[in-house]
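Asker: Give the three-dimensional model of this entry:
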Amino acid sequence: MVIFAIFVQTKEQGTSMIKIIDRYIVFALAVVLGLSFALPVYAGDDSSDGSDKSLAGGDAGYSGSRDMNAEAYYHYMMAQMQKKDGHIAEAIQNYKLALEIDPESAVLFTELAHLYLRQGDSSLALELLEKAREVDPDHFSARLLLGDIYALHKDEKSAIVEYEAAIRIDPTSDKAPILLGALYISIDEPEKAVVVLKDFIERSPESTMGYYYLAKIEADMLHYDKAVEYYRAALELSPSFPVAWIELAEIYEMSKKVDEAIKVYEKAAKHSPGNINLINRLGILNLQQKNFKEAILWYTKLKNIETTRTDAMLRLGLIYFEMKEYGKAVDEFKEVLISDPENELAINYLGATYEELGERELAANEFKKLSPDSKSYVDAKIHLAIVYDEQGRTLEAGEKIKEAIKIKGEDLELYRILVALYKDAGMYEEAIRAIKDATEIEPDNIELGFILGVLYEEAGKFDEFVEQMQNVIDKDPKHASALNYLGYTLADKGMKLDEAEQYIKRALIVQPDSGHIIDSLGWVYYKKGDFRRAIQELERASKHLPDDAIVVEHLGDAYQKSSNKKKALQSYEKAIELAPENGDIRKKLEKLRKELSSN
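Answerer: Next comes the predicted model:
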């Protein structure tokens, strides 16, 4: 729903102003419309002379209402002064005395009702306002306030009647149309709210607030183009209207027009240069758009404001980190820690920055500072494990991941990190043990079973590998990776080639365009000695994977066996370009070159 903040503009000495309305309207409308939207309302506050302009609207004050009784007027003025000084009980007594003398004054009934509302007695206020309406059906403020109280009491139909009467009495006032529109929104009739406000701006085309509330309603109905049109109209009339600028920018954000949103927020910032939320929003959006220089400018402004200094420095540090300006990132994070040595985010980010700089000991020292109750503890343990691993301290790295697992509990991602750590170090027994621990958490997780099978194969446990991959295939007969892995491994070993071919063909049914699976099929044919079909499939695989050295090497092997030495040489030369450190390919290339040179 729309978040309403109702404004009413008044003209005093030629200057457009926005003033705060009396508390009665805030209380009444916040309660009645609170289920749909918050409704702080702004209009005219008590004036310096004690008269209630928020109630006056198009009405004459008491002094100009009718032939005035001097004694009644005395009590009226006393009440006005007491109200201004906050002596509400005394003001109520004087209004009552004035009414005893002048019981036909709609102004006095309305003023007294206003005070009872301030005290929370809406029922008594309602009685007084109904009397005011009875003695003067055209008293604008009485009808307007009656609408508020009916709305407060959930009597929407009566509220609508009163607001419509107020509009009839003073067609130029924007109070009643805005309140009536808000009421229609609260009862889920936004189309009627639109009609009310459109009628109003036809009567008062210079009303900023008429266009403003039309924009809010259209935005609530997701009519963003119309909302933009009305916000623009409101801002053309009142360019120094920061709330409208901000809401217009939010519309652009919701419409995914982030660059437009940034431009509008910048205009809003010109009118509200000290608005912290605006500056922060500009920083965030520029960061999202990778406008790092602009983001730095906005966050630097926040850095100079004490209440936002720490967060701004953290953001600046992260921006510099993203820009790979690690030295500047270090400076920002260190500056945070000078004023807040226990700031866990700064500690964690500083450690990560040192890690990028290759300062492993400094990185480790930062990560060690975080305690187990820190929100960044698990993340720090992962980074610390990476640092230890880079130093060749794999067992210590593994222990740090295990500590993280103890804190975070059954987190499969941490187990995957632990498995990768051990696997990369060739510590297959530890990797197998870790993946088995993970499968105890999710016994039916097929991907964990597949990883276990891969580990068995890489550890040289062939029988366990075959059994595990068959288990995966039994659970998921269309698991292309398991089918291909098992088929290729059997083929590579020259074992059960017909069975291997069937596994691979099953995988191809699932993923017919996979270059790796096509390569496996070509390799089966190669192992079977069917070099014609091997070349056919391996050429197809190389088209899918032109930069895969192993696929190109396989094609070279097939050409070699089919006595096409020239194409074999071309394939080996390309393969060694792709993988210059591959000793097996280099040996094949050198051997073939010698053979060709000796002929």
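
Asker: Using the three-state scheme, assign residue 495.
Answerer: coil (DSSP: H, G, I helix; E, B strand; the rest coil).

Asker: That one: neighbouring residues, count only.
Answerer: By the criterion of other Cβ atoms under 10 Å, residue 495 has 13 neighbours. From N, CA and C alone the C-beta is placed, and that goes for glycine too.

Asker: what's it in contact with, if anything?
Answerer: Residues near residue 495 by Cβ atoms under 8 Å, 6 or more residues apart in numbering: none.

Asker: can you give me the end-to-end distance of stretch 452-464?
Answerer: 9 Å (Cα to Cα, to the nearest Å).

Asker: where in this structure is pLDDT low?
Answerer: By pLDDT under 70, the low-scoring segments of the chain are 1-68, 599.

Asker: Could you report the neighbour count for residue 597?
Answerer: 7.

Asker: distance of it from residue 565?
Answerer: As judged by Cβ to Cβ, to the nearest Å, residue 597 and residue 565 stand 11 Å apart.

Asker: what about the closest residue to residue 166 other than its chain neighbours, distance to residue 116?
Answerer: Take residue 166 and drop its neighbours on the chain: the residue closest to it by Cβ to Cβ, 6 or more residues apart in numbering is residue 176, 3.8 Å away. Noted for residue 176: a distance of 22 Å to residue 116, by Cβ to Cβ.

Asker: Looking only at neighbour counts, state which of these two leads.
Answerer: residue 176 (26 against 21).

Asker: helices and strands around the helix or strand containing that one, which ones?
Answerer: Assigned by DSSP states H and E, residue 176 falls within helix 175-186. Helix 175-186 sits against helix 23-32, helix 140-152, helix 156-169, helix 190-203, helix 208-220, with contacts defined as 3 or more Cβ pairs under 8 Å, 6 or more residues apart in numbering; DSSP states H and E.

Asker: switch to 6 Å and redo it
Answerer: helix 156-169, helix 190-203 (3 or more Cβ pairs under 6 Å, 6 or more residues apart in numbering; DSSP states H and E).

Asker: For that helix, what is the distance to the chain centroid?
Answerer: 31 Å (Cα atoms, centre = their mean, to the nearest Å).

Asker: Residue ranges of each domain in the chain, please.
Answerer: 274-341, 477-598 (automatic domain parsing).

Asker: Figure out which of these is closest to residue 127.
Answerer: The closest of the domains of the chain to residue 127 is domain 274-341. By Cβ to Cβ, the value is 43.6 Å.

Asker: Quick one: end-to-end distance for that closest one.
Answerer: First-to-last residue span, domain 274-341, Cα to Cα: 29 Å.

Asker: and what of stretch 250-258?
Answerer: End residues of stretch 250-258 are separated by 9 Å (Cα to Cα).

Asker: can you list contacts of it?
Answerer: 219, 224, 227-228, 260-261, 285, 289 (Cβ atoms under 6 Å, 6 or more residues apart in numbering).

Asker: how about those residues in a markdown table, adding distance to residue 478 and secondary structure?
Answerer: Compiled in a markdown table, the contacts of stretch 250-258 are given as follows (distance: Cβ to Cβ, whole Å; DSSP: H, G, I helix; E, B strand; the rest coil):
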| residue | distance to residue 478 | secondary structure |
| --- | --- | --- |
| 219 | 48 | helix |
| 224 | 45 | helix |
| 227 | 49 | helix |
| 228 | 50 | helix |
| 260 | 47 | helix |
| 261 | 46 | helix |
| 285 | 45 | helix |
| 289 | 42 | coil |
